[in-house]
Structures are given as structure tokens and as C-alpha cells.
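Asker: what's the 3D shape of this:
(2 chains)
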Protein chains: 2
Amino acid sequence: MHIPREEGRVVALCGGVGGAKLAFGLQKVLGSKLHVVINMADDFEHLGLHISPDLDTVLYTLGGLNDRQRGWGRADESWNFMEAIGQIGGETWFALGDRDLALHVERTRRLANGESLTQIVQDIARNFGITAHLWPVTDDPVRTVVVTPEEELAFQRYFVALRCEPAVRAIRFDGAESARLAKGVRDALQSEGLRMIIICPSNPFLSIDPILAAPGLREALRAADVPIVAVSPLVAGQAVKGPTRKIMDELQVEATTASIAAHYGDLIDGLVIDVGDVAEGAALSVAVHAAPTLMTDDESKIELARNVLAFGDALARTARKETR
Amino acid sequence: MHIPREEGRVVALCGGVGGAKLAFGLQKVLGSKLHVVINMADDFEHLGLHISPDLDTVLYTLGGLNDRQRGWGRADESWNFMEAIGQIGGETWFALGDRDLALHVERTRRLANGESLTQIVQDIARNFGITAHLWPVTDDPVRTVVVTPEEELAFQRYFVALRCEPAVRAIRFDGAESARLAKGVRDALQSEGLRMIIICPSNPFLSIDPILAAPGLREALRAADVPIVAVSPLVAGQAVKGPTRKIMDELQVEATTASIAAHYGDLIDGLVIDVGDVAEGAALSVAVHAAPTLMTDDESKIELARNVLAFGDALARTARKETR
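Answerer: Have a look, this model is predicted:
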């Protein structure tokens, strides 16, 4: 049976909050045709528990359980565990909500039991009623290390404990060179039945690069015979949230859509930029589509998802015309 | 410097709820002169966490943090973790409150880090403002196993999951024969500066026997040159709470203060019985003191503590007179 390309699978590469918002919109449009490949290099051990911040942000966001005011963690959360941990002299720099904690305790127990991160994430996703397929890029340990002028910092130390204050000189992904791409990721990227690949508007340096660092992933992306579309995380030259802009400055990369395009280079076929960055986009060497990229509610997430999909489909038609 | 015996240390052997109530009263009277030796054979692994029900009951009760309505766990507790664990398909038969969870997570982390149960309990006790010295009877693993006609059950399976429903044929303490008595327990039981030893009104079969099963403990009790006073857990022939009465029936032991006295045998010098059991107490071969043993508020706990201490002191004076 031939599946028309426009009804095929879509693979989205995704980090935390910003990327998860687009993944939410994509899931609303695509349902089970969406495969989300998620960064897990910000995972860490804390209080003896295995914490997976980006994976959980995607789980909560796609499950409709995320807190929209706070911007991270679960809605309707309570903090009694944290208060009690503080009372007995435990570490409190990383906030763990009472409901959120359930994921960390179950994940830690199941990992110790020999189950893979992928199995665990997919079971939780099913329990949350998530229709998209979620894939940690690898089940092997990869850890983001932020190199500052003074020291090397585990990612969450930099990101949460030090609130991104130290200047970033370099970013490293320990373990990436020996990590094995999860089989499900490799299968999802097979050309057969694939519609397009989307790089979500996550931080390119901290969220997307560790995904791209998994051996074989770049090759699999190149081998897939479909358009690859990135969505710029910048809105009018600024990051919506998080340290993208600050890090670009510190790495002496201009905070422009041109820099984002250059960062992904010939890996991508198209870049979706915010309507506020249109003047700049005209000068790019990659195909550009301008759309409102600020996702403030469900409608704007779905709208951006539709825009990105239409752009990808148009790129596919152009490519087919060119090869004819 | 000679310490008058009445100002010496008091060692109390203690299980969960009932024992902890008397320990609370004893702490109010004795402060740091109280050493509580606590059952840890009901400890178990659950959700990957090391749970210590009796130790935590003593910690919460002596710290004034226990829930008095519910009878177990912490006051002002919330249950959002449990709800979230259930949502992702985790086990929910053992209720863990959000605040309570902090102890289990920290204990598990610190045990994995090589710290002893004793160190951890004493640190938490300090953070809770507890003045008494708390001692798990051993830092080695001992686990209560309940033998029923159908199967052998880990204690919490029997106690919580099956609500004590299976008939008890025998009770075993796995690991007890190779457990090493904690050094602090041995030191606390030295005759020098010791006033008396109290066996709290805990379940003799499930809470006190596992303490007595630690190699060297019975010998240390016998060697200590002070009165040993047990408090009967029965009130007018009934257990206040928990399965004491049911287990006595199943083990074909009459639920009488005579049976409690016989159970402890020549280990004890005196038995405190409830005023409701007085008719029966007259026939016992051990010295008996009747007092109200139902502890419904702080005052009744302190009152019983004073009664037990006065009885022990009287036994010591009689013994000294006899040996003169």
C-alpha cells in the first residue's frame, strides 16, 4: 500500500520547554504519526534519583499536565517533599514537586531493574494518554558539561543551581561518542513512509546539539529522503525563555537567524523564522518561511505546527520538481 | 563522680505506634537520659526506597510530627505523590505521604552512600529536635517473615497489603543470627550509670522479639545490673491497636497479662499492667504494677512514663535491700 507522503510519519527533534510546545501542536495535528526524539543529556542523578528534565517536560506538555504559569513541571503541584527534605538537611537547590517525584522514583526503580529509558518513557506516555511516539535519542548515558572560565559544570548545576550565570566557553557531551542511537529512532528515520523531519525551536547548543551528537544520527538525517526544517528559537533576535541569547553572545555567535541557519548548515533544507525577524531572513542561503513563532496558547502552538508542516510539504514538492 | 541511680540512663526497647507513645512520655520526663532501641526488622524495600516504618514512627512521635488522628505517618500530610504513582502504573498498596517520602529518599541515598542506619536516624532525630538517643538495634539487615498456612510473607505484605488477614503460624527474623548489635546499644546497656530498662507496650511477637533476636542483646540485658520492666500491650485483655490480640489467638497463646509475663519469662523483673487487668495480675509470679496504660494524650503518656519509672526504681530499691 502506498502512503501519500503528506500522510507519513513526522520526526521532531526536541529539547525542553520551547520544543515541547511545538511538539504539543504537532501532536494535535498528527496524533500517532508524530515521533519525538528527545534530548536526555540534561539527565542527572539527584537525591539518588534519576531525573530527566527534558523528557519529563515533553511528557507533561504532551500529556496536558504541564504548569503553564510556572513554565516547567506539573500543574496543580505541591511542594511538601521539598520542605521535608530541607527540614532533615537534604539538598534543596533543585525543586522537585510531590507529583513530579513519582516519575523520578519509578524511573529510578525501573532503571535499576534493568529496563531501558525508552521503555519507561513510553509506558509513562501511554499512561498519560500521549498519542505521539516518544524516543530518548539513546538509552546510554550522555551528559552535557558546560565549560566556564573557572570550571566544568554538570548541566543542571550550571542551569539551575547557578542560574546560567557563569560565562559559557564551550559545551561538551560526555559519553556521546560511545552512545548507541536507540533502535526506535533509527526506524523512525527510515525514508519509507516518512514525511519530514523538524528541528524544534529548542536551544541549538544545549538541547539539539546533544541529540545530533549521537553517533549515526546526522547520517540517518542525511540519508532520509525528506525535507529537514528547523524552527528558529529566536523571536525578534531574542530567546523566548532560557539562556539561548546569553550563550550565543558568550560563544561569540551573533544572535541572528543567520547564525541559527549557519549553525545547522547543510543539515537543514528550510528554516522557519519569526515574523519579527523577516528583514533578516531575506538574506539567508537556506529556504525561509516566516510565521508567528511565539507560542502563548494551544492555538498558537497548533498554528505554528501547521505552518511548519505546510512549509516542509512545499519544500518536498519543490525538491520532487527539481529532480524530475 | 557518682551518679545517683535515679539520675542514670534509661533504655527503652520499642516498636511502632504503641511503644513510641510511651517513648514520647519517657522523653518528656528524661530528655537526653533516654535511649530508645528500636525494631528495624519491619524495614523493607518499596519503589526502590528503603522504608523503616518503626524507626520513622519513633522519629515522628518523638519529634512531635506524628499524625494523631490517623495514628501513623506525619501530621499535615499530603498524598499527591501516591496519586501520581498510581497514574503511571506504580504500586500504591503502601501509602507514602509527600512529606514522609523525604525520609525514605534521603535514607536510601545515604545508605547507598555507605552511611549506617544509625548515623542517618540520629541525624534526622537531631534535625527534628529530638533529645533522646535513638538506636536501631542493628545496622545489619534483619527482616521479619510471617509464616501463614499458605505462604511465607514479608512483614509489610502481611501487615499492610493483606491487613493482617492470613492466620499466623510462626514468625521468623531472617538475618537475625548474623546481625551485629549496634555499638551504641551495647554501650547504652552498660551497668555504669544505668537506671533501668523498659520494654515498651509494643507487640511482643512482631516488635520486641526481633529486637531480642539480635545476638548478644539478651545477654546484655541480663548482664545489666538494673531492673527490667515490661509494659503489657493489653488493655483489659485487648490490644489497643494492631494485630497483637489476633496473633496471640492464632499462636494459641491466651490474650492475658499472664501470657505476656510468660512470654518475657525471667528476662523481666516487673510487669506494668493496665488497671483493667488487675484481677488477673494478682496471680502473676513477676512483680506487678497496675496503672492506666491507655495513652490518649500527652498527659497520659507522661503519666504512664512516670508510673513505669517509679515502679522500676522501687524494684531497684527492693533488690538492693535483698542483697544487703
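Asker: in the stretch 201-324 of chain A, what spans have low per-residue confidence?
Answerer: A:281, A:323-324 (pLDDT under 70).
Asker: 90 instead, please
Answerer: A:236-249, A:251-256, A:277-285, A:318-324 (pLDDT under 90).
Asker: quick one: contacts for the residue of it found nearest chain B?
Answerer: The minimum distance from the stretch 201-324 of chain A to chain B, using C-beta to the nearest C-beta, falls at A:D298 (21.9 Å). Glycine gets a C-beta too; all of them are placed from N, C-alpha and C. A:D298 makes contacts with A:24-25, A:28, as judged by C-beta atoms under 8 Å, 6 or more residues apart in numbering or on different chains.
Asker: which bits of chain A sit near chain B?
Answerer: A:47-49, A:74, A:77-78, A:80-81, A:83-85, A:87-90, A:97-103, A:105-106, A:108-109, A:112, A:123-124, A:127-128 (C-beta under 8 Å from any C-beta of the partner chain).
Asker: Could you identify the buried members of those?
Answerer: A:47-49, A:74, A:77-78, A:80-81, A:84-85, A:87-88, A:90, A:97-103, A:105-106, A:108-109, A:124, A:128 (16 or more other C-beta atoms under 10 Å in any protein chain shown).
Asker: Sort out which of those are in strands and list them.
Answerer: In this view, these that belong to strands under DSSP state E are A:L49.
Asker: follow-up on the earlier one: ok, the residue of the stretch 201-324 of chain A closest to chain B to A:A290 distance?
Answerer: For A:D298, the distance to A:A290 (C-beta to C-beta, to the nearest Å) stands at 22 Å.
Asker: Next: A:M248.
Answerer: The value you get for A:M248 to A:A290, if C-beta to C-beta is used, is 20 Å.
Asker: ok, those two, which is more surrounded?
Answerer: Taking neighbours as other C-beta atoms under 10 Å in any protein chain shown, A:M248 and A:A290 compare with A:M248 leading, 23 against 20.
Asker: How about that one: what's its closest non-neighbour residue?
Answerer: A:A255 (4.6 Å; C-beta to C-beta, 6 or more residues apart in numbering or on different chains).
Asker: can you pull the contacts of the one you found?
Answerer: Neighbours of A:A255 in contact, by C-beta under 8 Å, 6+ apart: A:234, A:237-239, A:244-245, A:248-249.
Asker: What of A:I268?
Answerer: With C-beta under 8 Å, 6+ apart, A:I268 has these contacts: A:199, A:228-230, A:261, A:286.
Asker: Count the neighbours of the closest residue to A:R169 other than its chain neighbours for me.
Answerer: Nearest residue to A:R169 in three dimensions, chain neighbours excluded: A:V147, at 4.9 Å (C-beta to C-beta, 6+ apart). Under the neighbour criterion other C-beta under 10 Å, A:V147 is assigned a count of 16.
Asker: any chance of the contacts of A:D298 in CSV, with distance to B:D140 too?
Answerer: Formatted as CSV, the contacts of A:D298 follow (distance: C-beta to C-beta, whole Å):
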residue, distance to B:D140
A:F24, 51
A:G25, 56
A:K28, 56
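Asker: coming back round to it: let's see which of the contacts of A:A255 end up in helices.
Answerer: Using DSSP state H, A:244-245, A:248-249 are the members of those that sit in helices.
Asker: returning to what we had before: what is the nearest of the contacts of A:I268 to B:V275?
Answerer: A:I199 (78.1 Å; C-beta to C-beta).
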